[in-house]
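1. Provide a 3D model corresponding to the input given below.
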Amino acid sequence: MTEQELRDDSALVALAATGSEHAFRTLYRAYVRPVYWLAHNLVGNDADAEDVTQETFLVAWRRLPGLELASDSLLPWLVTVCRFQAANRIRRQRRDRENTTAGLEDSIPATVDVAQQVVDAELVDLIADEVSGLSELDREIFRLCAAEGYAYQAAADELGVAHGVVRNRLSRIRTRLRSVLTESEST
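-> Down below sits the predicted model:
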């Protein structure tokens, strides 16, 4: 490669398009700094600017075959590619932020109701105390159906009892718990 070819972007682009790593490396070294600073101005931070710069040169490597320069310099074309890569990154980050923020807003309450948490904890303790006073079979029925979501028949099969036994006992357990909760609300 002659000294003139090393200065002529058109010749370097043609050589890089045929797979010359040396020609591409020469173009990279010549333009990486201006592309990086443009990217930094567009995205606003070092890490994203580095990524946009690398994406720009990756696009350049892929598109060099068949690329015809409009001027003697590759820089105007690289600037255009860099602008598109930066815009894509900004859009992707904005979309990710919106999706993440929307998910957080749905899952995090705006305020914490401490009084309600105390009442809920007291109710859980009251229910746990009442269930602990049940027979072993009734405790198992409550655990399977109320806590673990088993259907009547599945709980009956698990416990080796009839479907009606599970249904009737669970109905009595619920009635008992409702009366205990009603009594606690009135006091």
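2. what comes into contact with stretch 33-44?
-> 46, 48-50, 52-53, 56-57, 75, 78-79, 82-83, 85-87, 89-90 (Cβ atoms under 8 Å, 6 or more residues apart in numbering). All C-beta atoms are positioned from the backbone trio N, CA, C, and that covers glycine.
3. and the one helix or strand Phe57 maps to, how far from the chain's centre?
-> Of the helices and strands defined by DSSP states H and E, Phe57 is found in helix 46-63. Its chain's C-alpha centre and that of helix 46-63 lie 24 Å apart, by Cα atoms, centre = their mean, to the nearest Å.
4. please identify the buried residues of the helix or strand following that helix?
-> The helix or strand immediately downstream of helix 46-63 is helix 75-107, counting by DSSP H and E. For helix 75-107, the buried set under the neighbour-count rule, 16 or more other Cβ atoms under 10 Å, comprises Leu75, Trp77, Leu78, Val79, Val81, Cys82, Gln85, Ala86, Arg89.
5. who does helix 75-107 touch, helix- and strand-wise?
-> The contact analysis (3 or more Cβ pairs under 8 Å, 6 or more residues apart in numbering; DSSP states H and E) places helix 75-107 against helix 21-43, helix 46-63.
6. how big is the angle separating the shortest one from helix 75-107?
-> Here helix 46-63 runs at 130 degrees with respect to helix 75-107, directions being taken by axes from the mean of the first three to the mean of the last three Cα atoms, to 10 degrees.
7. what do you get for the longest one?
-> Orientation of helix 21-43 against helix 75-107 (the same axes, to 10 degrees) gives an angle of 50 degrees.
8. and the average pLDDT for helix 21-43 is what?
-> Helix 21-43 shows a mean pLDDT of 94.
9. show me how far that helix is from its chain's centre.
-> 31 Å.
10. list the contacts of the helix holding Phe57.
-> Contacts for helix 46-63 (Cβ under 8 Å, 6+ apart): 16, 24, 27-28, 32, 35-37, 39-40, 42-43, 74, 77-78, 81-82, 85-86, 89, 93.
11. what residues of it count as buried?
-> Buried positions in helix 46-63, judged by neighbour count with 16+ other Cβ under 10 Å: Asp48, Ala49, Asp51, Val52, Thr53, Glu55, Thr56, Phe57, Val59, Ala60.
12. dump the C-alpha coordinates for that helix into PDB.
-> Extracted in PDB, the C-alpha atoms of helix 46-63 (Å, rounded to 0.1, in the frame of the first residue of the first chain):
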ATOM      1  CA  ASP A  46     -18.800   7.700  28.500                       C
ATOM      2  CA  ALA A  47     -20.200   4.200  28.600                       C
ATOM      3  CA  ASP A  48     -22.900   4.800  26.100                       C
ATOM      4  CA  ALA A  49     -20.600   6.900  23.900                       C
ATOM      5  CA  GLU A  50     -18.200   3.900  23.800                       C
ATOM      6  CA  ASP A  51     -21.000   1.500  22.800                       C
ATOM      7  CA  VAL A  52     -22.300   3.900  20.100                       C
ATOM      8  CA  THR A  53     -18.800   4.300  18.700                       C
ATOM      9  CA  GLN A  54     -18.300   0.500  18.500                       C
ATOM     10  CA  GLU A  55     -21.800   0.100  17.000                       C
ATOM     11  CA  THR A  56     -20.900   2.700  14.400                       C
ATOM     12  CA  PHE A  57     -17.700   1.000  13.300                       C
ATOM     13  CA  LEU A  58     -19.500  -2.400  13.300                       C
ATOM     14  CA  VAL A  59     -22.000  -1.000  10.900                       C
ATOM     15  CA  ALA A  60     -19.200   0.500   8.900                       C
ATOM     16  CA  TRP A  61     -17.400  -2.900   8.700                       C
ATOM     17  CA  ARG A  62     -20.600  -4.600   7.500                       C
ATOM     18  CA  ARG A  63     -21.500  -1.900   4.900                       C
END
